[in-house]
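Asker: Quick one, structure for this:
(2 chains)
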There are 2 protein chains.
Amino acid sequence: MRRFVAERTKHLIKRNFLSSSNNHSFLASQSSFFSSSSSSSTIVDPSSMDSSSGVTLQTINPKVLKCEYAVRGAIVTQAEKLNEQLKKEPGTLPFDEILFCNIGNPQSLGQQPITFFREVLALCDHPTILDKSETQGLFSADSIERAWQILDQIPGRATGAYSHSQGIKGLRDTIAAGIEARDGFPANPNDIFLTDGASPGVHMMMQLLLRSEQDGILCPIPQYPLYSASIALHGGTLVPYYLDEATGWGLEISNLKSQLETARSKGVTVRALVVINPGNPTGQVLAEENQKQIVEFCKKEGLVLLADEVYQENVYAPDKEFHSFKKIARSMGHEEKDISLVSFQSVSKGYYGECGKRGGYMEVTGFSADVREQIYKVASVNLCSNITGQILASLVMSPPKVGDESYVAYSAEKEGILSSLARRAKTLEDAFNSLEGVTCNKAEGAMYLFPCLQLPEKAIKAAEAEHTAADAYYARRLLEETGIVVVPGSGFGQVPGTWHIRCTILPQEDKIPAIVERLTVFHKKFMDEYRD
Amino acid sequence: MRRFVAERTKHLIKRNFLSSSNNHSFLASQSSFFSSSSSSSTIVDPSSMDSSSGVTLQTINPKVLKCEYAVRGAIVTQAEKLNEQLKKEPGTLPFDEILFCNIGNPQSLGQQPITFFREVLALCDHPTILDKSETQGLFSADSIERAWQILDQIPGRATGAYSHSQGIKGLRDTIAAGIEARDGFPANPNDIFLTDGASPGVHMMMQLLLRSEQDGILCPIPQYPLYSASIALHGGTLVPYYLDEATGWGLEISNLKSQLETARSKGVTVRALVVINPGNPTGQVLAEENQKQIVEFCKKEGLVLLADEVYQENVYAPDKEFHSFKKIARSMGHEEKDISLVSFQSVSKGYYGECGKRGGYMEVTGFSADVREQIYKVASVNLCSNITGQILASLVMSPPKVGDESYVAYSAEKEGILSSLARRAKTLEDAFNSLEGVTCNKAEGAMYLFPCLQLPEKAIKAAEAEHTAADAYYARRLLEETGIVVVPGSGFGQVPGTWHIRCTILPQEDKIPAIVERLTVFHKKFMDEYRD
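Answerer: Next up is the predicted model:
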């Protein structure tokens, strides 16, 4: 099967390029196929043109129309409706719970936050209790101490004030120290831009780099659809490079090169390369050697390296380790001036999973001072990211240390979450691999499995009859019959003619056996119905 | 003086339009004059083209280059440097403190947060203490009850999970109920989009409406530079309408009409009208009759009404009252289908002043279902706004009520802040009006004074010699000699040839006398130096 996919990949990549038109828009047009699962929402309905202000689908910004975001697309909307139905009319569906495996949202599925982090946040939100005696009984000593430290870093201890547009300086100092400890190379607090999660940072960089459709960004396929959405919203062109499923979603430099050359030959100026490591939706952890090749490639070709490193704490394969691209570049002897590199980190992932807090940062290195000033200006238009998220970003980069009162509890919580995630990943991977016509690469990291489904021709035809992609059809049927919500591979991009789904590994462990059973029963029934 | 300004306004508006070129870009080009105080940062320096990735000022998105945001512009950067100097080398400057009167950031200047709000936030951040006995001694009973209510509205009580892209449904219910109570007209929770402060909502609407430079947005001049910045970033054209300083920053429909017609005659499709009420930087509170005219104008001309209502709680004039534009429209008998209306609200302003929490919402009414779906899609690309900000937005729209344990303390805190703001506004207004060549309209609302400075010709020449606007020159000198940070009027737009500064009314009351004295001494010295 793997060899088959590999061969087909090469063939289809070739076909895809050769059959496309000779102008740059073919690259952009590829992004539209990612979204076939939800593209029905963009079909213009003339009957809706009744707005008094003349704001209709025909008159809004076409970049907005073009943008798609499958992680919260049609399947999820349907799941929310079914969820409402379950609440209002229990027993009317063949399941009693919707399992949202569509999105990396650990706490929505029962993961508990790290106690120490929440203690510090609560104390910073309501500092007047810091001096009260009852507080000693409710909070750990080191959380109280940390809250004081953080408050002292905030001018006037005002956690309700706008901060510096890049974030509170003292918190950036802490984060830079955390990066240094992680990488063994210096980090500069002035390079840190605190952001409301990683997404606004990505948007900011796209906004900076993309001037028109003639500007392109090299993105992995499959990719996290934030990238295709952001490129579409900012009017640029997505230049795809294909991860090789047959080699565990390997990243081949030769493919990068040929895609870059093809894009250039069509008049596209490629500005940057996006790498997601550990991978989303694909879960691979890049080897150090591969990362070096990528750095060298970006340096040689004059590309900004946009490194999505939000899953840096989520590595499950014992033989793999996370290395930041900055560490790799510096260890190769490349200094700041040699390569433009942006690393994105978020409080939403890792073992912390604090998605709702919207904290994160980007570390921006290798840009000239005047370009940096422009990034600062864009950041300043939105004033600053939320202070709770800023504080949390400093905490995840500087958790309790050996000897701190909270250290033992913190370590147990962290290890409990990460080891459980590893077990869940393995169980679900095995379950997918046991299904007829399904192959699933190992989740070495991140929070997802991205199994490949060999769907019968009859199923593909049934999907076509409903004007939907075959994997979207499968995902819809899966939802309707089991309550399990996954995202069709077409939402991330995939080699044309292949079908995938992305399923998170996040349901709590006690739910996994039931999920496996429901999935197995559903899949057999589906195949029985459609087997050629 | 006032009559003089009014006459000059008309003359200059006329001249401004007549002398401009015959294509639409003249409208856009006006936005560049707002920013003369900081425009030096956009001058291209060829020596900086040393980035390995080829990312230079010449190759970044020109929309980013064009965007300016004076509230955090050059004067503020200089102020931050002086602030560092004061810390490192106390006594080396003619003042011992920088007073940041450049930005509506109340808590940075010592305003205390509302206790009840912070209690609820802390409990929601760390819900495991809700059951503990010590908590009863530390928190008010109604804050504990409210925290439980809010947690019950969050699926799985997971305050660390991504929410629905529009925000947690239960919190939107609370906000809709608060709007209904305020307006006396129904509000629909599905119309509420919770946002990280008001700014992302404004960006979202600009992104939706602006297709190219041919699309315009009618904006008041002077305006809050978020609007000019956002229009620049999204590639549209700012169509100015001038508030009339002589009539207390009145909004004349005849001026709106003529500006709209001029824009249309130049091929610009005007999509929306921005109204800031209470005004920023101008502080006026619109009369009900005037609001009705504005609603009628938007309805007739097919414009979206973008109503910036973030200062709705900041009304100081006893004869003025805040009315939301939705209430006005509904009270005129206009239903949802009759007018497209977006109201922006924020937790950053009012008596709460929680800027750092980045909470807010927009209420979106009068758009077709399919356009609404597009707004939802754009919101979903950023997943959701931060949950702390979402909770706070629900609290400001549903504060403690008579009979609640916290009510008395809450009311005292609220009234203390608002009455003090009113006193500070009056004292500063009088102080400005007592200065030679300065006239200052009353701050009926919001957080700012926007005095008009009649600067001597010699001062204007001195500024020109430094390639800066005269008000930016004045603001820089004011900073260097007194430590008071204000924003030059050129950052907001003003009738050409007039000069203003925006000064917040936010320094704590005990500091006001010293500010007035420093300002008075500085101004006299400045005038003595430059008097014609």
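Asker: pretty sure A:Val485 contacts A:Phe100?
Answerer: Yes - A:Val485 sits in contact with A:Phe100 when judged by CB atoms under 8 Å, with a separation of 5.0 Å. Just so you know, the C-beta spots here come from the backbone N, C-alpha and C atoms, and that holds for glycine as well.
Asker: Which residues are in contact with each of these two?
Answerer: A:76, A:79 (CB atoms under 8 Å, 6 or more residues apart in numbering or on different chains).
Asker: Give me the distance between the closest residue to A:Lys511 other than its chain neighbours and A:Lys87.
Answerer: Once its chain neighbours are removed from consideration, A:Lys511 has its nearest residue in A:Leu99; the separation is 7.0 Å (CB to CB, 6 or more residues apart in numbering or on different chains). With distances defined as CB to CB, to the nearest Å, the gap from A:Leu99 to A:Lys87 amounts to 15 Å.
Asker: Between these two, which has more neighbouring residues?
Answerer: Comparing A:Leu99 with A:Lys87 by other CB atoms under 10 Å in any protein chain shown, the one with more neighbours is A:Leu99, at 22 against 8.
Asker: tell me the contacts of that one?
Answerer: A:109, A:482-485, A:507, A:511, A:515.
Asker: if you set the cut-off to 7 Å instead, what comes out?
Answerer: Taking CB atoms under 7 Å, 6 or more residues apart in numbering or on different chains as the criterion, A:Leu99 is in contact with A:483-485, A:507, A:515.
Asker: for A:Ala141, same thing?
Answerer: With CB under 7 Å, 6+ apart as the criterion, the residues that contact A:Ala141 are A:Glu405.
Asker: My understanding was that A:Tyr227 contacts A:Val274; is that so?
Answerer: Yes - with contact defined as CB atoms under 7 Å, A:Tyr227 reaches A:Val274; the gap is 5.5 Å.
Asker: Overlap in contacts, these two.
Answerer: With contacts defined as CB under 7 Å, 6+ apart, the residues shared by A:Tyr227 and A:Val274 are A:Cys219.
Asker: Which positions in the stretch 1-150 of chain A make contact with chain B?
Answerer: Of all the residues in the stretch 1-150 of chain A, those in contact range of chain B (CB under 7 Å from any CB of the partner chain) are A:41, A:45, A:48, A:50-57, A:60-62, A:64-65, A:67, A:69, A:72, A:103, A:105, A:107-108, A:110, A:113, A:118-119, A:121-122, A:125-126, A:129, A:132, A:134-135, A:137-138.
Asker: Give me the buried entries from these.
Answerer: A:41, A:48, A:51-53, A:55-57, A:60-61, A:64-65, A:67, A:69, A:72, A:103, A:105, A:107-108, A:113, A:118-119, A:121-122, A:125-126, A:129, A:134-135, A:138 (16 or more other CB atoms under 10 Å in any protein chain shown).
Asker: Just to be sure, which of the residues you listed are found in helices?
Answerer: Assignment to helices by DSSP state H places the following of those there: A:64-65, A:118-119, A:121-122, A:125, A:134-135, A:138.
Asker: For chain A, just list every one of the strands.
Answerer: A:99-100, A:192-195, A:215-221, A:237-242, A:269-276, A:304-308, A:341-346, A:360-365, A:438-439, A:448-449, A:452-453, A:484-485, A:487-488, A:499-504 (DSSP state E).
Asker: which strands and helices sit next to the last one?
Answerer: Meaning strand A:499-504. Taking 3 or more CB pairs under 7 Å, 6 or more residues apart in numbering or on different chains; DSSP states H and E as the contact definition, the neighbouring helices and strands of strand A:499-504 are strand A:448-449, strand A:452-453, helix A:470-482, strand A:487-488.
Asker: what do you get for the second one?
Answerer: Here strand A:192-195 is seen to pack against helix A:169-183, strand A:360-365 when contacts are counted using 3+ CB pairs under 7 Å, 6+ apart.
Asker: Select, out of those, the one closest to chain B.
Answerer: Put simply, out of the helices and strands packed on strand A:192-195 the one that sits nearest chain B is helix A:169-183, at 9.8 Å, with distance taken as CB to the nearest CB.
Asker: tell me the angle the closest one makes with strand A:360-365.
Answerer: Compare the direction of helix A:169-183 with that of strand A:360-365 by axes from the mean of the first three to the mean of the last three CA atoms, to 10 degrees and you get 70 degrees.
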